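**Student:** just to be clear, the model below is a prediction. Sequence and coordinates:
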Amino acid sequence: MSAPSGQPVVRPATPADDAFVEDLQAIAFGPGRFARTAFRVRERFPIDPTLSLISEVDGTPSGSVWMTPISVGGMKGYLLGPLATHPNFRKRGAGKLLAREVSKRALARGEGHFVLLVGDQDYYCPLGWVPTTPGNIQFPGPVDTSRVLLLADDPDLAKTLTGSIAAFDAGK
Ligand SMILES: CC(C)(COP(=O)(O)OP(=O)(O)OC[C@H]1O[C@@H](n2cnc3c(N)ncnc32)[C@H](O)[C@@H]1OP(=O)(O)O)[C@@H](O)C(=O)NCCC(=O)NCCS
């Protein structure tokens, strides 16, 4: 894919990106990343490497996003994150491009019905995520319920989705 100079593009990650992604997550989230509740979800349920995307600017990796297939209350979906852009490449649209693109690719598979994340409303709501009903979705650790956001074709799902985060194959 080509883009005007300086503009981010997105491609699937390969094993050759592993070191970049590890360094980027350390820079973006620091040592506290291992204590985050979303990290605990990813410890229990593996990410889908085919939904791991890299943004590039003029051929240089600039950002990364992962997806973890999960289910909630018997419904299949995905947990988005971590999403990070390298500080040298921020404010060029890479973060929003990665969030949009990975969600589009995941939902296009027709198996999962939502993309859940824990993040800032100001960043994600303009992209289509909406707040969930506080306390309805249980994480394996503490979470600020106002940051639990959902993207779905069904406009009511953010209000109604209820249950603990479980394995993808526990859902339908
Ligand atoms: C958040 C992050 C991914 C944004 O990456 P990015 O490539 O700069 O994002 P974009 O270029 O698509 O969007 C940038 C815009 O979002 C705004 N923005 C960035 N973080 C924001 C936040 N937490 N809340 C609201 N707005 C935010 C920027 O100010 C900028 O606004 P502008 O376009 O008006 O200048 C990046 O700053 C990052 O890696 N941060 C550290 C890790 C992190 O917090 N990840 C998100 C976890 S939920």
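**Tutor:** Yep, that arrived. Everything numeric here is computed off the predicted structure, so don't read it as measured data.
**Student:** please see if the one helix or strand in the chain whose mean pLDDT sits lowest touches the ligand.
**Tutor:** In the chain, the helix or strand scored least confidently by mean pLDDT, DSSP states H and E is helix 37-44, which has a mean of 92. No - counting by Cβ under 6 Å from any ligand atom, the ligand has no neighbours in helix 37-44; the shortest distance is 8.5 Å. Glycine gets a C-beta too; all of them are placed from N, C-alpha and C.
**Student:** next helix or strand past that helix?
**Tutor:** strand 53-57 (DSSP states H and E).
**Student:** following that next one, which helix or strand shows up next?
**Tutor:** strand 60-72.
**Student:** show me what that following strand pairs with in its sheet, parallel or antiparallel.
**Tutor:** Strand 60-72 has its sheet partners listed here by DSSP bridges as strand 53-57 (antiparallel), strand 75-85 (antiparallel), strand 163-167 (antiparallel).
**Student:** in the least confident helix or strand of the chain, what's buried?
**Tutor:** 38-39, 41-42 (16 or more other Cβ atoms under 10 Å).
**Student:** hang on, the earlier thing: could I get the strands paired with strand 60-72 in JSON lines, plus columns for mean pLDDT, distance to the ligand and mean neighbour count?
**Tutor:** Listed next are the strands paired with strand 60-72 as JSON lines, based on pLDDT from 0 to 100; distance: least, Cβ to the nearest ligand atom, whole Å; neighbours: other Cβ atoms under 10 Å:
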{"stretch": "strand 53-57", "mean pLDDT": "98", "distance to the ligand": "8", "mean neighbour count": "22"}
{"stretch": "strand 75-85", "mean pLDDT": "98", "distance to the ligand": "3", "mean neighbour count": "23"}
{"stretch": "strand 163-167", "mean pLDDT": "97", "distance to the ligand": "17", "mean neighbour count": "16"}
